[in-house]
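What shape does this take:
(2 chains)
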2 protein chains.
Amino acid sequence: MEVSVAKGQIIKGKPVADEMSENLIKEVNELSKEGIIPKLSILRVGEKANDLAYERGALKKCETIGIETEVTVLDEDVTQEQYIEALQKLNDDPKVNGILTFRPLPKGIDEEVIKHVIAPEKDVDCFNPLNTAKVMEGDKTGFPPCTPTAVVEILKHYNVDLNGANVAVLGRSMVVGKPVSMLLLGENATVNICHSRTKNLAEVTSKADILVAAVGRARMVTPEYIKEGAVVIDVGINAKPEGGGICGDVDTDAVVEKASMITPVPAGVGSVTTSVLAKHVIKACKLQNNK
Amino acid sequence: MEVSVAKGQIIKGKPVADEMSENLIKEVNELSKEGIIPKLSILRVGEKANDLAYERGALKKCETIGIETEVTVLDEDVTQEQYIEALQKLNDDPKVNGILTFRPLPKGIDEEVIKHVIAPEKDVDCFNPLNTAKVMEGDKTGFPPCTPTAVVEILKHYNVDLNGANVAVLGRSMVVGKPVSMLLLGENATVNICHSRTKNLAEVTSKADILVAAVGRARMVTPEYIKEGAVVIDVGINAKPEGGGICGDVDTDAVVEKASMITPVPAGVGSVTTSVLAKHVIKACKLQNNK
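The predicted structure is shown next:
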């Protein structure tokens, strides 16, 4: 006799992004009645493929929502002084509400210097340490980085109860692990921050109701890492070991049988980040206009 | 037949503080050979009993170690402008290496403003958000708050292996819970941040090899919160419910039978914080003198 086992649901990013867009369009319409148009300015150095791909997505998202955009492109051999000058110009431009810089910055430009230059009130992807501090403090006036914020947006969209939930965050980077932990704490989750040095890692993560995987290792999260019925958010973006395309940190095909919900890669978290970016630009615009 | 059970060891703060003092005195002696004397400046408003008690301890500790001190006392009805002026004066004084302000500040003085005023390189107890960001980033050039740092000093002094250790932090305040979690992550511990909303709290914390209690509720941590043989660090300072003196967040008498090591209250973590303060003043002095 075969027992039928409920298979987990693949939860995509698109419905989350679509719902966010819908709400953001309304906000932009409200602002436009007062003659205010939110504007994102992108500062890019050179023509890195990843930067260009993200930029295309961001521009398209902003266009859909009604956010103005502009892109400043600097030569790869730009000096730190020139970079600061370009950034300062965007800081000073009252029409620019949000600034997105691509990191890592090229050699010769010291991120430790630049991060203090970007105006914190226009810093929509958490480059300036004043925004980092706000993430830790749970101060909602700041701008947490877009990717960890996308994780929270997805969980909320799919009505995952975070209050008191037992979450394991796999990874402790400043890009995802630490900020997502702080954001989830702000939602009253209990957050267990695990990483490469964690002893009995699979045993630890398999106790969690929600697992956020952000380690950057292709498909390392296999079923033994997962509690039966857990919600799994896969933040990894890795080259497929067999070549051709990307995959997440989770072995999705194997884990989907055990999880209740799981985000795919691609088409999961990555589909929501530009919506968060747009949301932050509008938030910045409102704060700057005392709305 | 009775089975004898090993009772946990009460681990006091004093031996930790004494060892730290010994090392710090050496550092001060080295600096004095070059004519450098570290200096702490305390900025206090009014005569709150808690502030005065901490100040006495800090001054005594600094004297023992050879750190110069000065105290500026402002009237309780000081304006924000006057407070900023006094703080700015300390920022600008090249002889002052570290500045300690007492918080909470009196009504009428906005901490959200003042925290940006204190020079980050003299901010030895993590008031400025630039130091908060460094705590989250694990950037060792900053100054984490003294109390969570004291927790790590105690664990290291008593040779508790933090690498991969399974730690539960009970409490998520910016004073202790969050920063101590970040510091422990920096020591490669796995950190489970628990709090009032955590479901089955005792069950969760009783899985941990190390428990750091920082909730501010007198003796709420009873034996069922503790794993057999766990190390327990009690950061709580509460009025005894029965009156007369202070007690921690842990019911020490009950828990000591189950723990392997446990810090007492008083004479535990609180005995180490001024040593951390002194250590930070010397670190600030060295950084400011390029040592």
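
tell me which parts of chain A are close to chain B?
A:129-130, A:132-137, A:163-166, A:172, A:174, A:178, A:181-182, A:185, A:188, A:190-195, A:197-199, A:204, A:207 (Cβ under 8 Å from any Cβ of the partner chain). Every residue, glycine included, has its C-beta placed from N, CA and C.

Kindly recompute the last result at 7 Å.
A:129-130, A:132-133, A:136-137, A:163-164, A:166, A:172, A:174, A:178, A:185, A:188, A:190-194, A:197-199, A:204 (Cβ under 7 Å from any Cβ of the partner chain).

List the contacts of A:Ala189.
Applying Cβ atoms under 7 Å, 6 or more residues apart in numbering or on different chains to A:Ala189 gives the contacts A:Leu162, A:Ala165, A:Val167.

tell me which of the residues you listed is nearest to chain B?
The nearest member of the contacts of A:Ala189 to chain B, counting by Cβ to the nearest Cβ, is A:Ala165 at 7.8 Å.

before we move on, the earlier item: mind checking which of the contacts of A:Ala189 are buried?
Neighbour-count burial (16 or more other Cβ atoms under 10 Å in any protein chain shown) applied to those gives A:Leu162, A:Ala165, A:Val167.

Can you check the pLDDT for A:Asp249?
pLDDT recorded at A:Asp249 is 98.

if we can go back for a sec, which of the residues of chain A next to chain B are buried, as a PyMOL select command?
Entered in PyMOL, the line below selects the buried ones among these, by 16+ other Cβ under 10 Å:
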select buried, chain A and resi 129+130+132+133+136+137+164+166+172+174+178+185+188+190+191+192+193+194+197+198+204
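
re earlier: as a markdown table, the contacts of A:Ala189 with distance to A:Lys95 and pLDDT would be great.
Listed next are the contacts of A:Ala189 as a markdown table, based on distance: Cβ to Cβ, whole Å; pLDDT from 0 to 100:
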| residue | distance to A:Lys95 | pLDDT |
| --- | --- | --- |
| A:Leu162 | 37 | 98 |
| A:Ala165 | 42 | 96 |
| A:Val167 | 40 | 98 |
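
Where strands are concerned, which of those residues count?
Judged by DSSP state E, the contacts of A:Ala189 include A:Val167 as members of strands.

ok, the closest residue in space to A:Lys122 that isn't next to it in sequence - contacts?
Closest residue to A:Lys122 apart from its sequence neighbours, by Cβ to Cβ, 6 or more residues apart in numbering or on different chains: A:Ile99 at 4.7 Å. Counting by Cβ under 7 Å, 6+ apart, A:Ile99 touches A:Ser41, A:Leu43, A:Leu90, A:Ile118, A:Lys122, A:Asp123, A:Val124.

Next one, pLDDT for the residue nearest to A:Thr190 when sequence neighbours are not counted please.
Counting by Cβ to Cβ, 6+ apart, A:Thr190 lies nearest to B:Thr198, which is 4.3 Å off, once chain neighbours are set aside. Note for B:Thr198: predicted pLDDT of 97.

Surely B:Thr198 forms part of a strand?
No. Assigned with DSSP: H, G, I helix; E, B strand; the rest coil, B:Thr198 falls outside any strand and is coil.

got a list of what it touches?
A:Gly164, A:Thr190, B:Val204 are the contacts of B:Thr198 under Cβ under 7 Å, 6+ apart.

Please identify the helix or strand for the last one.
If I follow you right, that is B:Val204. Secondary structure assignment for B:Val204, by DSSP states H and E: helix B:201-205.

For that helix, list every residue counted as buried.
Quick answer for helix B:201-205 (16+ other Cβ under 10 Å): B:Leu201, B:Val204, B:Thr205.

So which of these is the closest to chain A?
Nearest to chain A among the buried residues of helix B:201-205, with distances taken as Cβ to the nearest Cβ, is B:Val204, at 6.5 Å.

quick one: which helix or strand includes the residue nearest to A:Val96 when sequence neighbours are not counted?
Nearest residue to A:Val96, sequence neighbours excluded (Cβ to Cβ, 6+ apart): A:Ser41, at 4.5 Å. Element membership of A:Ser41, judged by DSSP H and E, is strand A:39-45.

ditto for A:Lys60
helix A:49-65.

average pLDDT across that helix?
Helix A:49-65 shows a mean pLDDT of 97.

Can you spell out which helices and strands pack onto it?
Applying 3 or more Cβ pairs under 7 Å, 6 or more residues apart in numbering or on different chains; DSSP states H and E, one finds that helix A:49-65 contacts helix A:14-32, strand A:39-45, strand A:68-74, helix A:273-288.

relative to strand A:68-74, how tilted is it?
Here helix A:49-65 runs at an angle of 160 degrees relative to strand A:68-74 (axes from the mean of the first three to the mean of the last three Cα atoms, to 10 degrees).

Please find the angle between the direction vectors of helix A:49-65 and helix A:273-288.
Computed by the same axes, to 10 degrees, the angle separating helix A:49-65 from helix A:273-288 equals 60 degrees.

Would you pull up how far helix A:49-65 lies from the middle of the chain?
14 Å (Cα atoms, centre = their mean, to the nearest Å).
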